[in-house]
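Asker: Here is a sequence together with a model predicted from it:
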Amino acid sequence: MNLTEESLRDLIDGRMVGNKYPYDTMDEKEITAHMKRLFYRMNRIPDLVCEAEWDHFGSGYASFVEFFCYRKQDVTILNEKNGMKEIEIKGIIVDVCRLAPAAIMGEDVRTRKLRVKTNEEVSGAYGSLIDRSGEFHVSRKFEVTARQLERALREFDYELLKPEQLYQSLPFSTKIPTIYRKPEEYIVLDALFYWED
């Protein structure tokens, strides 16, 4: 993906960029439908469970949809007592941009506290790829899963961006509606993947 100053400015202003379908239509509904088809494709990967955060993390605006994908064998019960169960889930985050045909991917470990009777989630702790610095790590344990997810992204014409592209300083001054970094710390990643809470 060629990230020019003009395209970066468009992304920061919430405008879609890209000459691939559906981004070339500039139609938000069409892009969301495309992302949902990607999500269903990811969930068809054998032994993989993928969850999606479609609703801007409950508030504000997120320029991306976050998928968290894991294998059932990577769910560990940490504690179970008083009708509550605490679990740890090791998996892969895939953040897919709403404004450009771009994605990032890396590992995450999440914890959840559930009611045993109803399996209702009471609380949880989640990571983010966007506030990390330097790289999007995927260990050998998840190499096969990562390749399967990369294949799905390619099938839907999403480019998996590399840290070298994203961790460069933004080449101009601006204000990005993000909670992740201060203006003097902005990097190219912030133009594509931001969350305004």
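Answerer: Noted; the coordinates are in hand. Numbers count the residues shown, from 1 in each chain.

Asker: tell me what the longest helix seen in the chain is packed against?
Answerer: Identified as the longest helix of the chain according to DSSP state H is helix 28-43. Contact analysis of helix 28-43 by 3 or more C-beta pairs under 8 Å, 6 or more residues apart in numbering; DSSP states H and E lists strand 48-53, strand 64-71, strand 84-97, helix 143-155 as its packing neighbours. The C-beta positions use only the backbone N, C-alpha and C, and glycine is treated the same way.

Asker: Now do it, average pLDDT.
Answerer: Taken as a whole, helix 28-43 carries a mean pLDDT of 96.

Asker: same check, this time on stretch 53-71
Answerer: For stretch 53-71, the mean per-residue pLDDT is 85.

Asker: how about the residue most central in space within the chain, what does it touch?
Answerer: Among the residues of the chain, residue 95 comes closest to the average C-alpha position under C-alpha atoms, centre = their mean, at 1.7 Å. Going by C-beta atoms under 8 Å, 6 or more residues apart in numbering, residue 95 touches 64-67, 103-105, 129-130, 193.

Asker: any idea how far it is from residue 122?
Answerer: Counting by C-beta to C-beta, to the nearest Å, the gap from residue 95 to residue 122 is 26 Å.

Asker: What of residue 24?
Answerer: In terms of C-beta to C-beta, residue 24 sits 43 Å off from residue 122.

Asker: what do you get for residue 161?
Answerer: Counting by C-beta to C-beta, the gap from residue 161 to residue 122 is 35 Å.

Asker: Kindly report the same for residue 42.
Answerer: Taken as C-beta to C-beta, the span from residue 42 to residue 122 is 27 Å.

Asker: Neighbour count: the two, which is higher?
Answerer: Ranked by neighbour count (other C-beta atoms under 10 Å), residue 42 and residue 122 place residue 42 first, with 21 against 12.

Asker: So that one is in contact with residue 68, correct?
Answerer: No: if you go by C-beta atoms under 8 Å, residue 42 and residue 68 don't touch, sitting 10.5 Å apart.

Asker: quick one: contacts for the residue lying closest to residue 31 once chain neighbours are set aside?
Answerer: Excluding its sequence neighbours, the residue lying closest to residue 31 (C-beta to C-beta, 6 or more residues apart in numbering) is residue 22, at 5.0 Å. Counting by C-beta under 8 Å, 6+ apart, residue 22 touches 30-31, 33-34.
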